[in-house]
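Chemist: A structural model of the following input is requested.
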Amino acid sequence: MTAQARLVAVGLLAWLVPGAGQIVAGRVRQGVVLFAVLGAMAAIGLAFGGRLFPFQPSEPLVFLAAVAQWAAGLPRLVAELAGAGRGEVVAATYDYGNAFLIVCGLLNLLVLLDAIDRARPGAVR
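Modeler: Predicted coordinates for the structure are as follows:
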């Protein structure tokens with residue numbers, strides 16, 4: 001496998017499963033912690049009544065929220081398949097739930113970039 005193909009594979013894996021890119025790069029403890037923390041963030045967001053936003057290009061903020069949530073990868077996919085995230089607008093914690101779900105995805109993007117950086121040839125592990 002070429003170096004560029006390895007980086008793409010690590011990037012896809014890191015996006016799909018939070019922390020998996022760090023595990024592949026040899027940082028097992030960091031990967032497990034990231035998996036647990038980002039998974040907990042998604043679970044808390046759903047427990048707080050957060051909404052899984054659909055892709056609606058006609059509503060720019062809803063569209064951006066959906067992009068950010070899908071950046072979480074597996075937690076977002078599992079929540080979608082489980083039928084969770086309908087969003088309880090009347091819940092006092094609704095906005096907090098949305099924030100947790102959105103930030104979970106955005107943090108996973110940073111985790112993904114870290115995994116790709118660590119998987120580069122000659123990178124400090």
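Chemist: And residue 66, how close does it get to residue 105?
Modeler: The gap separating residue 66 from residue 105 is 9 Å, by C-beta to C-beta, to the nearest Å. From N, CA and C alone the C-beta is placed, and that goes for glycine too.
Chemist: Neighbour count for the two, which is higher?
Modeler: residue 105 (25 against 21; other C-beta atoms under 10 Å).
Chemist: And the pLDDT at the more buried one?
Modeler: Note on residue 105: pLDDT of 97.
Chemist: Then residue 124?
Modeler: pLDDT, residue 124: 69.
Chemist: for residue 94, same thing?
Modeler: pLDDT, residue 94: 96.
Chemist: close enough to count as contact, it and residue 87?
Modeler: Yes. Using C-beta atoms under 8 Å, residue 94 makes contact with residue 87 at a distance of 6.6 Å.
Chemist: Mind listing the shared neighbours of the two?
Modeler: Residues touching both residue 94 and residue 87 (C-beta atoms under 8 Å, 6 or more residues apart in numbering) are 49, 50, 51.
Chemist: Can you lay out the residues you listed as JSON lines showing secondary structure and neighbour count?
Modeler: Formatted as JSON lines, the shared contacts of residue 94 and residue 87 follow (DSSP: H, G, I helix; E, B strand; the rest coil; neighbours: other C-beta atoms under 10 Å):
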{"residue": "49", "secondary structure": "coil", "neighbour count": "20"}
{"residue": "50", "secondary structure": "coil", "neighbour count": "29"}
{"residue": "51", "secondary structure": "strand", "neighbour count": "21"}
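Chemist: Closest one of those residues to residue 37?
Modeler: residue 50 (16.7 Å; C-beta to C-beta).
Chemist: Quick check, central residue of this protein?
Modeler: Most central in the chain under C-alpha atoms, centre = their mean is residue 72, positioned 1.6 Å from the mean C-alpha point.
Chemist: doesn't that residue fall inside a strand?
Modeler: No. The assignment for residue 72 (DSSP: H, G, I helix; E, B strand; the rest coil) gives coil, which keeps it out of a strand.
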